[in-house]
Every structure is written in structure tokens, then in C-alpha cells.
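> Let me see the structure of the following:
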Amino acid sequence: YLDPPFNSNRDYNAFFTSPKGGESHAQITAFEDTWHWGSQAETEYADLLKNPDAGQLGETLMPALRSFLGENDMMAYLTMMASRLVEMHRVLKDTGSLYLHCDPTASHYLKIVLDGAFGPTSFKNEIVWKRTSSHSDSINKFSRIHDVIFFYSKSNKPIWNKIFIDYDDEYKKRFKYKDDKGYFTDGDLSAKGLSGGGYEYEYKGISGYWRCPVETMERLDKENRLYYTKNNGIRIKRYLEELPGVLCGDVWTDIFPINSQSQERLGYPTQKPAALLERIIRASSNPGDVVLDPF
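Numbers count the residues shown, from 1 in each chain. Next comes the predicted model:
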């Protein structure tokens with residue numbers, strides 16, 4: 001996971017609190033988020049083109065970007081990122097993945113550089129993280145409220161653990177019944193209309209065409225999993241706490257940024273919430289694996 005400076009042409013000042021938690025007058029510039037084309041960028045660009053690990057990124061892609069962009073701040077930034085992405089690809093295990101956190105300032109160029117370093121087929125997702133609420137600091141355009149996280153894998157068999165998130169309040173309203181096991185909603189046990197067919201029998205005086213054989217119906221009844229409706233029907237109980245949640249998609253609106261009241265807040269200007277890193281680490285690694293933060 002890398003959260004590099006975004007080439008946003010601003011200085012980020014870090015404020016620090018005293019050991020007792022009070023305000024401190026100490027302030028430093030955390031980093032100057034600005035790149036300029038000069039001798040250092042030229043040297044790094046030349047080294048990248050000579051690097052045998054850079055492949056097509058060094059041979060064709062970066063020269064094409066330089067031809068298009070010219071020798072400016074953006075090209076200096078992309079050169080810095082490209083040389084580091086080549087090294088990250090080199091040291092990454094075959095089962096490993098890379099998550100690059102950026103914003104729309106350079107995300108479109110960074111994706112091309114990532115395609116060059118990892119290969120286009122290694123692209124998995126462009127994750128959109130809603131990092132703030134809408135605000136009125138934009139003139140003649142929509143408010144910028146999201147960051148981008150590019151997800152690439154080194155091989156076609158990366159470590160992958162499905163991530164589930166909690167249901168929203170509107171969905172939870174469906175679980176309107178309650179017994180000694182908790183809140184539940186009722187699910188269909190009828191096999192009418194199913195292409196695979198079902199089982200026709202009578203259970204406790206209720207005839208139907210069921211999805212399960214009578215043995216399964218008896219077991220569900222012993223486990224108190226059957227819900228008898230007022231219309232002389234039988235349905236299955238589905239408990240809220242037993243469901244895994246909603247499978248996580250590529251738009252993340254449930255992880256909130258660090259604000260001035262957050263207990264996580266350290267004063268670093270671009271600090272990211274622990275929950276964001278936890279989700280990424282849980283998805284693409286297992287306990288005991290090595291995680292690299294190159295920035």
C-alpha cells in the first residue's frame with residue numbers, strides 16, 4: 001500500500017501536540033508536494049530507461065508520456081513514481097497485490113504508468129473512497145470529495161479474502177420479527193417457478209411444492225427455523241446476525257476520514273483512517289504476511 005504525495009502543488013504542514021495532549025507550537029512542513037523538471041528528474045528519467053526491470057515502461061511508455069507532456073512538473077512527478085513502481089513490482093511476491101492511493105490530479109496518468117509496470121491484465125479495481133462530504137470550495141465545478149485507490153496484482157492468483165460490510169439501516173428494517181435467537185426475516189421455501197424443480201408433500205397439514213425434502217423440513221422445524229404465516233404457509237427464518245453482510249464493492253462510503261475530533265488524529269495532514277488500511281490488508285494478505293508501505 002502506498003500513499004504518495006499527489007502532486008497537488010501545495011505544502012502540507014504537520015502540527016504536533018504535546019506529550020500531555022495539549023497544543024504545541026511546534027510545526028514543520030511535512031513535505032513539499034511539488035515536483036519540478038530539472039537535473040534530478042533528468043537523471044532519474046535516464047536511469048529508468050536503462051533499468052532492465054522497467055521493460056516497456058522504460059522503452060516506450062515513459063518516452064511517449066514525455067513527448068506528450070513535455071518537461072514539466074507532472075512529468076517529473078510521474079518519473080519519480082515510475083522508477084519506484086518498477087522496484088515495487090520487482091520485490092512483490094507472486095501472490096502479492098499493490099494498492100496505490102491517489103487523487104484525480106494525476107490518477108489518469110498513474111494508471112497508465114501502473115499498466116506499464118505491472119501489465120494491463122494485472123489491473124483489478126479502481127476503488128473510489130469518499131473521503132469527505134460535499135463542500136462549497138469549488139467554483140464552476142462539482143466538489144471533489146473522493147480519492148482513488150488503484151488495485152493491481154502481480155499474478156492471476158493473488159491472495160484474496162472476500163470483504164463484507166454491514167447492512168444499511170433501510171435493509172435492516174426487513175428483519176422485523178424477533179424470537180429468542182434475535183431479529184429475522186422470512187425467506188421463501190416454495191419451489192414454484194424454479195427450473196430445478198422441488199418436492200411435493202404435506203407438512204403439518206400444509207400442502208406445497210417445496211425447495212427441500214421432508215427430512216430437511218423436519219430438521220429445520222426442530223431447529224426452530226420455520227415461520228408459519230397467517231395465510232397457512234411455511235417460510236424459513238433468516239437471522240440478521242447470521243448473515244455475512246453486503247459483499248464490498250469498489251465504491252467505499254462507509255469509512256470516514258480523520259477529522260479534528262478523531263481519536264486517531266496525530267496531526268499529520270494527509271493521515272488516513274486505520275479502517276481504510278485494515279480493509280485493504282484483510283482483503284489481500286493473511287496473518288503473518290509482510291506489508292510494505294514504501295512512502
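
> going forward, measure contacts between C-alpha atoms and count neighbours the same way
Noted.

> how about low-confidence regions in the stretch 101-250 of the chain?
137-138 (pLDDT under 70).

> ranges for the helices of it?
Secondary structure of the stretch 101-250 of the chain (DSSP state H, counting those that start in this stretch): helices located at 107-118, 169-172, 214-222.

> Buried deepest among those, which one?
Of all the helices of the stretch 101-250 of the chain, helix 107-118 has the most neighbours on average by mean count of other C-alpha atoms under 10 Å, namely a mean of 20.

> between the helix or strand harbouring residue 68 and helix 107-118, how many degrees?
Using DSSP states H and E, residue 68 sits in helix 62-69. Relative orientation of helix 62-69 and helix 107-118, computed by axes from the mean of the first three to the mean of the last three C-alpha atoms, to 10 degrees: 160 degrees.

> Would you mark the buried spots in the next helix or strand after helix 62-69?
Downstream of helix 62-69, the first helix or strand assigned by DSSP H and E is helix 73-91. Judged by neighbour count (16 or more other C-alpha atoms under 10 Å), helix 73-91 contains these buried residues: 73-83, 85-86, 88-89.

> neighbouring contacts of helix 73-91?
For helix 73-91, the external contacting residues (C-alpha atoms under 8 Å, 6 or more residues apart in numbering) are 7, 34-37, 41, 44-45, 48, 53-54, 62, 65-66, 69, 106, 109-110, 113-114, 117-118, 154.

> repeat that for 6 Å
Applying C-alpha atoms under 6 Å, 6 or more residues apart in numbering, the contact partners of helix 73-91 are 35, 36, 37, 41, 45, 48, 54, 117.

> Kindly indicate the member of these with the most neighbours.
Within the contacts of helix 73-91, most neighbours by other C-alpha atoms under 10 Å means residue 117, with 27 neighbours.

> Report the separation between the residue nearest to that residue when sequence neighbours are not counted and residue 65.
Closest residue in space to residue 117, ignoring its immediate chain neighbours: residue 86 at 5.6 Å, by C-alpha to C-alpha, 6 or more residues apart in numbering. Distance check for residue 86 against residue 65: by C-alpha to C-alpha, to the nearest Å, it reads 16 Å.

> which non-adjacent residue is nearest residue 187?
Using C-alpha to C-alpha, 6+ apart, the closest residue to residue 187 is residue 236 (5.0 Å).

> And residue 220, by the same measure?
Nearest residue to residue 220, sequence neighbours excluded (C-alpha to C-alpha, 6+ apart): residue 226, at 6.2 Å.

> Kindly report the same for residue 172.
The spatially closest residue to residue 172, leaving aside those adjacent along the chain, is residue 240, at 7.6 Å (C-alpha to C-alpha, 6+ apart).

> Tally up the residues packed near that neighbour, please.
Neighbours of residue 240 (other C-alpha under 10 Å): 17.

> cool, and residue 123?
For residue 123, the neighbour count with other C-alpha under 10 Å is 19.

> Equivalent analysis for residue 166, please.
Number of residues near residue 166 (other C-alpha under 10 Å) recorded here: 14.

> again, but for residue 64
By other C-alpha under 10 Å, the residues close to residue 64 number 13.

> give me every residue that touches it.
Under the criterion of C-alpha under 6 Å, 6+ apart, residue 64 has no neighbours.

> Now do it against residue 55, distance only.
14 Å.

> Many thanks, have a good one.
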